[in-house]
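In: My questions concern the predicted model and sequence given below.
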Amino acid sequence: MDENIKDLIKKLERSVFAGNRTAAAEELGKLGNPYALPALIEALDDSNAKVRAAAAEALGKFNLPGAVPGLIKALDDPESPVKKTAIASLENIGTPEAISGIIKGFGDKDRFVQREAVKSLMRIGSREAIYGLEKALAYPDDSLKRISIIALGKIDTYEAALCLVKAIENSDNKVRQHAAETLGKRGKSDVLDELIETLRDPRQPVHEAASETLCKIVSASTSVPELVRALGASSRDVRKISIETLGKIGTPDAVSGLLKALDDPDWYLRSRASDVLGDIRSPEAARGLVKAFDIYENSVRKAITCALGKNGTPEAIQGLLKALNDPDSSVRESAVLGLGKAGTSEAISGLLKTLHDSKAAVREAAASALGDVKAQQAVPELIMILENPESLMQKAAIASLEKIGTPEAISGLVRASESSDACVRRTALKALERINKSNPSQVIAPEKTKNPDAEPVLSGCLAGDNPEVRIKASNLSGDIHSMNSLKELELSISVEETEESRAHQNSSPGEKKGTGLTCPYCSRSLNLPITPNFCPFCGMKLRLKF
């Protein structure tokens, strides 16, 4: 044995000064000679706490299993610094026996000692250390359990995550919540299957904690197979997040997973899967939706049709054309709306056929869609609708002709202003007025009109086949440039034929100088050539008295 080692051991064992003993223990630790091990272990019982702490630190530098029993014994020391130093030395040694000794620190009354034990196990990070941290969750101290869960999260291995999954099943609400939050922040899906299994726990708080954790993990995942597995979870929220995450990924594999979600027992999630597939807008998604269309019931078929409308690919348009033959009118209506967004020649051909659908709502949707895409080839069909007095979709046809705005469409609107139906006449006149305001040159007055100051809309009415309309329009031709005059025109054309109005209208030309009435409601002068039944300013019905 080296003489220097002998002198240091002698000083450690016999010096009356605590400072000398402390210095000797520190020097022996630096030298690391095994012959000093017995003396250092014996120094753990020294009367001075600083000497005991120095001896414990020196034993940790030896990194010898023989030092473990003495260090474990030092955990019963009355002084916290000695115990903390012993724990640090056991961490340096790191054997299973040393880890068992560190676990003993969980039971210490000093929270700083407990925390040091947790930190040591976290730094070791071995399987034994992880299981040691799991044991901390059985202690009554809330602070110890919380820092142990944090330590498991920082170790970031599958074994540590598995312990956190088990902690979600803990009966302590705080432990469950901390474990769920830690796993959620970790964001890895290596324990996805275990969490899905935890969802089967009959206890509602456990189920909620597992579901919350899964939602966080799934939303951060980029692994399609794992997300597809999550579609089988019992938690509705987890399945919803999985569907939306797959939609963000949008790859062909993700599309396949979303097509499986069309089998989900929850109607909303089936619909959500369809929406997401529509948002992907890929040919693969469209082909999958078209194939699924023949499999599912009405509610899903409608959702699929809406998704195809958003998809916009040629494959999607073919699916929408197919949906026009569906027995469910709501599905056909959804297909019409989708084709209206597409606006291709194929889509327009399908919409033209749908103008003859058995359901009025579908026909009206088709008429509106043709106007939205400004389908000029639809003008003849729309005019035929206007000329059919029994049609219930004349307003939709007028609106579409207004949007199309070609000379042929305007001609149809002018003819509609001569309709025997007052409502159709008013709607057509308003449409023509809006066309004139937006582009006056579109509506051309006849060459031989006797009213050169009249607006093109009025000129069209003057050129119509209905003599009553021509007469009533000509009476207001001098003042048609104001909005109020146009309202008067509309009211005069649609005036109800009462005995009073008939008597006034049949008076001789010399007598037609205006009614000279005043509205009893708004007090405006009604000096019109034809007596209206409604005030053109406030809209109130008038009670005529002669």
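Out: That came through fine. Note that the structure is predicted; figures quoted are calculated from it, not measured.
In: Mind listing residues that contact the helix or strand where residue 395 lies?
Out: Using DSSP states H and E, residue 395 falls within helix 394-404. With contacts defined as CB atoms under 8 Å, 6 or more residues apart in numbering, helix 394-404 is touched by 364, 367-368, 370-372, 374-376, 378-379, 382-383, 385-386, 388, 391, 409-410, 412-413, 416, 421, 423-424, 427-428, 431, 434-435. All C-beta atoms are positioned from the backbone trio N, CA, C, and that covers glycine.
In: what's near enough to touch residue 115?
Out: residue 147.
In: CA atoms only: put the helix or strand harbouring it into PDB for me.
Out: Assigned by DSSP H and E, residue 115 belongs to helix 111-124. Provided in PDB are the C-alpha atoms of helix 111-124 (Å, rounded to 0.1, in the frame of the first residue of the first chain):
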ATOM      1  CA  ARG A 111     -38.800  16.900   0.300                       C
ATOM      2  CA  PHE A 112     -35.300  17.900  -1.000                       C
ATOM      3  CA  VAL A 113     -34.100  14.400  -0.300                       C
ATOM      4  CA  GLN A 114     -37.100  13.000  -2.100                       C
ATOM      5  CA  ARG A 115     -36.500  15.300  -5.100                       C
ATOM      6  CA  GLU A 116     -32.800  14.300  -5.200                       C
ATOM      7  CA  ALA A 117     -33.800  10.600  -5.300                       C
ATOM      8  CA  VAL A 118     -36.200  11.300  -8.200                       C
ATOM      9  CA  LYS A 119     -33.600  13.300 -10.200                       C
ATOM     10  CA  SER A 120     -31.000  10.600  -9.700                       C
ATOM     11  CA  LEU A 121     -33.300   7.900 -11.000                       C
ATOM     12  CA  MET A 122     -34.200  10.200 -14.000                       C
ATOM     13  CA  ARG A 123     -30.500  10.700 -14.800                       C
ATOM     14  CA  ILE A 124     -29.800   7.000 -14.600                       C
END
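In: From the chain's centroid, how far away is that helix?
Out: Mean-position distance between helix 111-124 and its chain equals 43 Å (CA atoms, centre = their mean, to the nearest Å).
In: From residue 287, how far out is residue 63?
Out: 65 Å (CB to CB, to the nearest Å).
In: out of these two, which sits in the more crowded spot?
Out: Taking other CB atoms under 10 Å, residue 63 and residue 287 do not tie; residue 287 has more neighbours (17 against 14).
In: Point out the other helices and strands that the helix or strand harbouring the more buried one packs with.
Out: According to DSSP H and E, residue 287 maps onto helix 283-293. When contacts are defined as 3 or more CB pairs under 8 Å, 6 or more residues apart in numbering; DSSP states H and E, helix 283-293 packs onto helix 252-260, helix 267-280, helix 298-311, helix 314-323.
In: Quick one: residues in contact with the first one.
Out: Contacts to helix 252-260, defined as CB under 8 Å, 6+ apart, come from residues 224-225, 227-228, 231, 243, 246-247, 273, 276-277, 280, 282, 284-285, 288-289, 292.
In: For that helix, buried residues please.
Out: 254, 255, 257, 258, 259 (16 or more other CB atoms under 10 Å).
In: And the last one, by the same measure?
Out: Taking 16+ other CB under 10 Å as the neighbour-count basis, helix 314-323 is seen to contain the buried residues 315, 316, 317, 318, 319, 320, 321, 322, 323.
In: contacting residues for the closest residue to residue 46 other than its chain neighbours?
Out: Of all residues not flanking residue 46 in the chain, residue 52 sits nearest, at 5.1 Å (CB to CB, 6 or more residues apart in numbering). Listed by CB under 8 Å, 6+ apart, the contact set of residue 52 reads 43, 44, 45, 46, 74, 77, 79, 82.
In: on that earlier part again, got the angle between the helix holding residue 287 and helix 267-280?
Out: Interaxial angle of helix 283-293 relative to helix 267-280 (axes from the mean of the first three to the mean of the last three CA atoms, to 10 degrees): 140 degrees.
In: quick one: low-confidence parts of the stretch 301-450 of the chain?
Out: Applying pLDDT under 70 to the stretch 301-450 of the chain flags the ranges 440-450.
In: Now do the helices in it.
Out: Here the stretch 301-450 of the chain has its helices, by DSSP state H, counting those that start in this stretch, at 314-323, 329-342, 345-354, 360-372, 379-387, 394-404, 407-416, 422-438.
In: what's the angle from the shortest one to helix 394-404?
Out: Helix 379-387 and helix 394-404 are oriented at 150 degrees to each other (the same axes, to 10 degrees).
In: Mind listing residues that contact helix 379-387?
Out: 352, 355, 367, 370, 391, 393-394, 397-398, 400-401, 404, 406, 408-409, 412, 415-416, 419, 424, 428.
In: Looking at the helices of the stretch 301-450 of the chain, which is nearest to residue 264?
Out: helix 329-342 (19.6 Å; CB to CB).
In: Output the contacting helices and strands for the closest one.
Out: Going by 3+ CB pairs under 8 Å, 6+ apart, helix 329-342 lies up against helix 298-311, helix 314-323, helix 345-354, helix 360-372.
In: Identify all contacting residues around the longest one.
Out: I take that to be helix 298-311. Against helix 298-311 from outside (CB under 8 Å, 6+ apart): 262, 267, 270-271, 274-275, 277-282, 285-286, 289-290, 292-293, 296, 316-317, 319-320, 323, 326, 328, 330-331, 334-335, 337-339, 341-342.
In: PyMOL command to pick out the buried ones of the residues you listed?
Out: In PyMOL syntax, the buried subset of those is picked out as below (16+ other CB under 10 Å):
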select buried, resi 262+270+271+274+275+277+278+280+282+285+286+289+290+292+293+296+316+317+319+320+323+326+328+330+331+334+335+337+338+339+341+342
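In: distance of the nearest residue to residue 386 once chain neighbours are set aside from residue 439?
Out: Once flanking residues are discounted, residue 386 sits nearest to residue 416: 4.8 Å by CB to CB, 6+ apart. Relative to residue 439, residue 416 is positioned 19 Å away (criterion: CB to CB).
In: try residue 401
Out: 14 Å.
In: Give me the more crowded residue out of the two.
Out: residue 401 (30 against 10).
In: From residue 425, how far off is that one?
Out: For residue 401, the distance to residue 425 - CB to CB - is 14 Å.
In: Next: residue 135.
Out: Applying CB to CB to residue 135 and residue 425 gives a distance of 88 Å.
In: Give the helix, strand or coil label for the closest residue in space to residue 223 that isn't next to it in sequence.
Out: Once flanking residues are discounted, residue 223 sits nearest to residue 189: 6.2 Å by CB to CB, 6+ apart. State at residue 189, reduced to three classes by DSSP: H, G, I helix; E, B strand; the rest coil: coil.
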